[in-house]
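Visitor: give me a 3D structure for the following:
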Amino acid sequence: MARKKSKILMEAEQRIMRVLWERGESSVREVTDALKDSHGAAYTTVLTQLKILTDKGYVEPRQEGRAFIYRPIVSRSQARSQALKQLLGQFFEGSPEALAQHLIRDTDMNLDELEAIRRRLDDGEEGDHD
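Guide: Sure, this is the predicted structure:
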């Protein structure tokens with residue numbers, strides 16, 4: 001039986017999306033060049049990943065001459081929300097409280113950071129505004 005395709009971003013897809021979120025839009029060559037130094041991505045690999053991202057609904061291509069230009073149609077914040085919903089359902093039985101307790105217990109979060117989070121919650125802030 002074929003494995004169900006994941007709607008959340010895999011690691012290589014995240015790297016490509018970071019490039020697109022930073023630049024707004026890019027060709028396959030521009031994404032490949034942006035990833036070359038840090039991850040040595042090949043053109044054909046980036047092209048394949050961009051097709052997968054198109055199928056997942058994260059990017060939208062348009063043709064410009066012979067090249068395809070890709071732009072993100074899902075924001076970083078929306079991608080985080082999708083991943084978080086899956087994480088909550090898969091590992092925390094849908095409980096944000098269980099996730100928060102796990103983060104507080106199993107990370108090096110100090111009291112100042114917890115207080116800063118409490119203040120943001122009290123003020124209605126979301127943190128990153130992508």
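
Visitor: show me how the record splits the chain into domains.
Guide: Using automatic domain parsing, the domain parsing of the chain gives 11-72, 93-125.

Visitor: let's have those in TSV, adding mean pLDDT and distance to residue 79.
Guide: C-betas here are computed from N, CA, C, even on glycine. Supplementary listing: the domains of the chain in TSV, determined by pLDDT from 0 to 100; distance: least, Cβ to Cβ, whole Å:
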stretch	mean pLDDT	distance to residue 79
domain 11-72	95	7
domain 93-125	86	17
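
Visitor: want to throw those domains into CSV with distance to residue 80 and mean neighbour count?
Guide: Formatted as CSV, the entries for the domains of the chain read as follows, by distance: least, Cβ to Cβ, whole Å; neighbours: other Cβ atoms under 10 Å:
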stretch, distance to residue 80, mean neighbour count
domain 11-72, 11, 16
domain 93-125, 13, 10
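
Visitor: Throw these into TSV and include distance to residue 86, thanks.
Guide: Putting the domains of the chain into TSV (distance: least, Cβ to Cβ, whole Å) gives the following:
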stretch	distance to residue 86
domain 11-72	13
domain 93-125	11
